[in-house]
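Colleague: pasting the sequence and the predicted model now:
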Amino acid sequence: MKNMIITIALCSFIFSCASGPVKHGSIKAELPVTSITFAYNSTEVEDSELPEINKTLSALMNLKDDYFIILEGHTDSEGENVYNESLALQRAENVKEILMGRGIDEAKIKTVSYGEENLIDVTSFTKKNQRVNRRVVIEIVRLEKGNNIVSN
C-alpha cells in the first residue's frame, strides 16, 4: 500500500483548510498516498515508519501553501466498533502531532477515523494482514486558486 497511486473521483467529503471550505468531489485527480502501519492496539508511531512521514514532508516542499493533508485512521477488525473508531482517530492525531512538530500548520491537516470500516484484506486474518489494516493513510491534496483540487 505504501506509495501507491489512487484515483479519486466523485467523493462527497467536505474539508476545511486555512483558506476556507474545500469540496473534495467531482474532480478526478491522481494523488500519491503514504500509509503508516501500527502494532496491535497501539497508537505509537514506530521509528521504522518515520521514513514514510519524511516522504510526505518531501512531497510538500514543492507545494508551498497550496495543499492540505487528510490523515485517515484505520484499525483491524479486532475489538468493538466504538473502541476501534477512537483508536483509529488517536492514530491519526499522533501522526498529525509529528507533522506539526516538523513545521506543518495545524490548519492544513484534517484527521478522520474509519475504524474497521475499510479493511484492506478480509480474506485471511493472519498477523501480517491484520497489520496492514492498522494504519493511517496520509493523503496530500493540492489546491489551485479558488480552492479547486488538482493532482499532486
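Modeller: Received the coordinates, thanks.

Colleague: now the helices: where do they sit in the protein?
Modeller: With DSSP state H, the ranges of helices along the chain come out as 50-60, 81-101, 127-133.

Colleague: JSON lines for those helices, including mean neighbour count, distance to Glu44 and mean pLDDT?
Modeller: Yep, even glycine has a C-beta here, placed from its N, CA and C like the rest. Shown next, in JSON lines, are those (neighbours: other Cβ atoms under 10 Å; distance: least, Cβ to Cβ, whole Å; pLDDT from 0 to 100):
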{"stretch": "helix 50-60", "mean neighbour count": "15", "distance to Glu44": "12", "mean pLDDT": "85"}
{"stretch": "helix 81-101", "mean neighbour count": "18", "distance to Glu44": "7", "mean pLDDT": "96"}
{"stretch": "helix 127-133", "mean neighbour count": "14", "distance to Glu44": "14", "mean pLDDT": "78"}
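
Colleague: what's the closest of those helices to Asn41?
Modeller: Closest approach to Asn41 among the helices of the chain is made by helix 81-101 (7.2 Å; Cβ to Cβ).

Colleague: if we can go back for a sec, wait, which of the helices of the chain is closest to Arg142?
Modeller: Closest to Arg142 of the helices of the chain is helix 50-60 (Cβ to Cβ; 9.5 Å).

Colleague: adding distance to Tyr67, write the helices of the chain out as a markdown table.
Modeller: As requested, these are exported to a markdown table (distance: least, Cβ to Cβ, whole Å):
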| stretch | distance to Tyr67 |
| --- | --- |
| helix 50-60 | 6 |
| helix 81-101 | 12 |
| helix 127-133 | 26 |
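
Colleague: and Phe38, which of those helices is closest to it?
Modeller: Closest to Phe38 of the helices of the chain is helix 81-101 (Cβ to Cβ; 5.8 Å).
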